[in-house]
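Student: here is my input; please provide its structure:
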Amino acid sequence: MSSTLKHLSLSMLMLLPVAALALPEDRDQPIEIRADQVEIDDESGIAVYEGSVQLDQGTLQVLAHRLTIHTRDQSVTRIVAEGLPEGEPARYRQIPEVGAAPVYAHARTITFLASDERVELEGAAHLRQQDDTFSGERITYDIRDRRIAATGGRDGQPVTMTIQPGRIERRETRAEEPASNGQPD
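Tutor: Here you go, the predicted structure:
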């Protein structure tokens, strides 16, 4: 791959829409992609990474069998991470903000739509942060409006959610120490 193409593909990835879900430091980290093969078509604006694909940028990690990046006018419009059709799903992991637990997601297909600021999980979709989970055939997360929509499977499989009770901070109360009058005992 020429250095121009390598630079172009890395520049395209700098615009990953998932950065809106990430720690601010993630955007400033280098992007590393590993794959068995890569095909970049400048004319169509499509880059395809196939075979054991791993994308890392700061706390962001995407694992997929196939990763397709669509661009228009040198801006990323859509990123599609696909798992194996009847096997391992595409996976996503990222820490959304300082002090927060990582968000984990997997589905047969994970699509990031840049202009809509939306993430779509399709095919046995599952989203987890700490012990809270959300599962369905399709889960859509609107980043801008912070809204989640989900649908169950055609076979009557429902959407399921598990939300753990809120954690109550326990404050230790200390017995008031007697005020010192400045006199030695």
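
Student: what about stretch 106-117, average pLDDT?
Tutor: Over the span of stretch 106-117, the pLDDT mean works out to 90.

Student: stretch 127-143 now?
Tutor: For stretch 127-143, mean pLDDT rounds to 89.

Student: what's in contact with it?
Tutor: 17, 20-21, 96, 100-105, 107, 116-126, 147-154, 157-164 (Cβ atoms under 8 Å, 6 or more residues apart in numbering). Placement of C-beta: from N, CA and C, glycine included.

Student: quick check: end-to-end length of stretch 29-37?
Tutor: Stretch 29-37 has its terminal residues 23 Å apart, counting by Cα to Cα, to the nearest Å.

Student: now stretch 63-81: mean pLDDT?
Tutor: On average, stretch 63-81 scores 92.

Student: er, stretch 153-164 I mean
Tutor: Mean pLDDT, stretch 153-164: 87.

Student: how far off centre is that stretch?
Tutor: 21 Å (Cα atoms, centre = their mean, to the nearest Å).

Student: just the CA trace of that stretch, in PDB.
Tutor: Below are the C-alpha coordinates for stretch 153-164, written out as PDB (Å, rounded to 0.1, in the frame of the first residue of the first chain):
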ATOM      1  CA  GLY A 153     -36.800 -11.200  16.500                       C
ATOM      2  CA  ARG A 154     -39.400 -12.200  13.900                       C
ATOM      3  CA  ASP A 155     -39.700 -15.500  15.600                       C
ATOM      4  CA  GLY A 156     -41.400 -13.800  18.600                       C
ATOM      5  CA  GLN A 157     -38.200 -13.400  20.500                       C
ATOM      6  CA  PRO A 158     -38.700 -10.400  22.800                       C
ATOM      7  CA  VAL A 159     -36.400  -7.500  23.600                       C
ATOM      8  CA  THR A 160     -34.900  -8.000  27.100                       C
ATOM      9  CA  MET A 161     -33.300  -5.500  29.500                       C
ATOM     10  CA  THR A 162     -31.700  -6.000  32.800                       C
ATOM     11  CA  ILE A 163     -31.100  -2.900  34.900                       C
ATOM     12  CA  GLN A 164     -29.500  -3.200  38.300                       C
END
